[in-house]
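# For reference, the sequence and a predicted model appear below.
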Amino acid sequence: MPVNAQTAHIDYLILNAGVMNIPSLELSSDGYEMHFAVNHLGHYLFTRRLVAKVRKAMIVVGSGFYIMGATDAVDDVNWDRRGRDKYDGMAAYADSKMANTLFAAACNRHYPSIRTIAVNPGAVLTELMRHSATPATQNRLRKVLKHVFRSPAEGARAVLAALADTASTVTQKKPPLYYRDGRPSRAVVEGDTFAADRLWEESENMVRAYLA
Ligand SMILES: NC(=O)c1ccc[n+]([C@@H]2O[C@H](COP(=O)([O-])OP(=O)(O)OC[C@H]3O[C@@H](n4cnc5c(N)ncnc54)[C@H](OP(=O)(O)O)[C@@H]3O)[C@@H](O)[C@H]2O)c1
């Protein structure tokens, strides 16, 4: 049953779904590059359709890779300008994570009564590497990475710590936009309203058919 029909109120909306490092350029059924479609556009549409029910805060689960993403990637979602043969899965991931941070900033302006933050949970041992290596290599990597990466529970705690903080910063004139490891951290794109607006407008154009 659709979420909208199921519930009258949503206290916290956490936008978490994501894919990383899809090896070759794949398009969604609507024709948008898959990292952009899953990591940003789906969340954009989900938010637009649910936001009237959200009461307290929204979290976009971003990543430290956002720093390597382009602020104008929305103008080249399908790599036509860069050249489809130049497609790089980690660059596409970084672009989508930049979109997460810009989207969080835009939400704060579009929905001032709700706090929206982008949260980087740190390096967490999950299934996110599923596109990056064969299953056998993933198994070998896991044995090493489990000593340096966080567990999924620890990653979730970093998200929840940032979420808990939204209650105490709600009255601040300029509350934090970005959290790393559960603590506020400055985002490099904090004042880039041009890029955030551009992303918003283009995303709206892309999902317009589903907004009515
Ligand atoms: N792991 C890290 O070190 C790390 C670091 C920074 C940020 N992040 C971010 O954390 C978030 C969660 O990733 P994770 O590490 O937990 O990876 P994960 O174990 O691969 O989980 C990804 C989640 O996204 C869902 N998903 C993927 N494609 C989808 C689609 N097309 N439609 C709906 N749901 C879809 C998956 O659902 P199914 O299982 O049903 O496919 C799964 O629940 C992502 O946004 C990622 O960028 C992770």
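Great, that's in hand.
# and V19, how many residues sit next to it?
Using other C-beta atoms under 10 Å, V19 is surrounded by 19 other residues. All C-beta atoms are positioned from the backbone trio N, CA, C, and that covers glycine.
# Report the contact partners of the residue nearest to V3 when sequence neighbours are not counted.
Once flanking residues are discounted, V3 sits nearest to L50: 6.3 Å by C-beta to C-beta, 6 or more residues apart in numbering. L50 makes contact with V3, N4, I10, L13 under the criterion C-beta atoms under 8 Å, 6 or more residues apart in numbering.
# residue contacts, the second one?
Listed by C-beta under 8 Å, 6+ apart, the contact set of N4 reads R49, L50, K53.
# how does it look with 7 Å?
Applying C-beta atoms under 7 Å, 6 or more residues apart in numbering, one finds that N4 lies in contact with R49, L50.
# quick one: the helices in this protein?
3-6, 34-35, 42-50, 89-110, 135-145, 152-169, 193-211 (DSSP state H).
# Take stretch 92-102, keep the C-alpha atoms, and write them as PDB.
What follows is stretch 92-102 as a C-alpha-only set of coordinates in PDB (Å, rounded to 0.1, in the frame of the first residue of the first chain):
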ATOM      1  CA  ALA A  92      28.600   9.200 -11.200                       C
ATOM      2  CA  TYR A  93      28.300   8.100  -7.500                       C
ATOM      3  CA  ALA A  94      30.100  11.300  -6.400                       C
ATOM      4  CA  ASP A  95      27.800  13.500  -8.600                       C
ATOM      5  CA  SER A  96      24.700  11.800  -7.000                       C
ATOM      6  CA  LYS A  97      26.100  12.400  -3.500                       C
ATOM      7  CA  MET A  98      26.700  16.000  -4.400                       C
ATOM      8  CA  ALA A  99      23.100  16.100  -5.500                       C
ATOM      9  CA  ASN A 100      22.100  14.800  -2.000                       C
ATOM     10  CA  THR A 101      23.900  17.600  -0.300                       C
ATOM     11  CA  LEU A 102      22.500  20.300  -2.600                       C
END
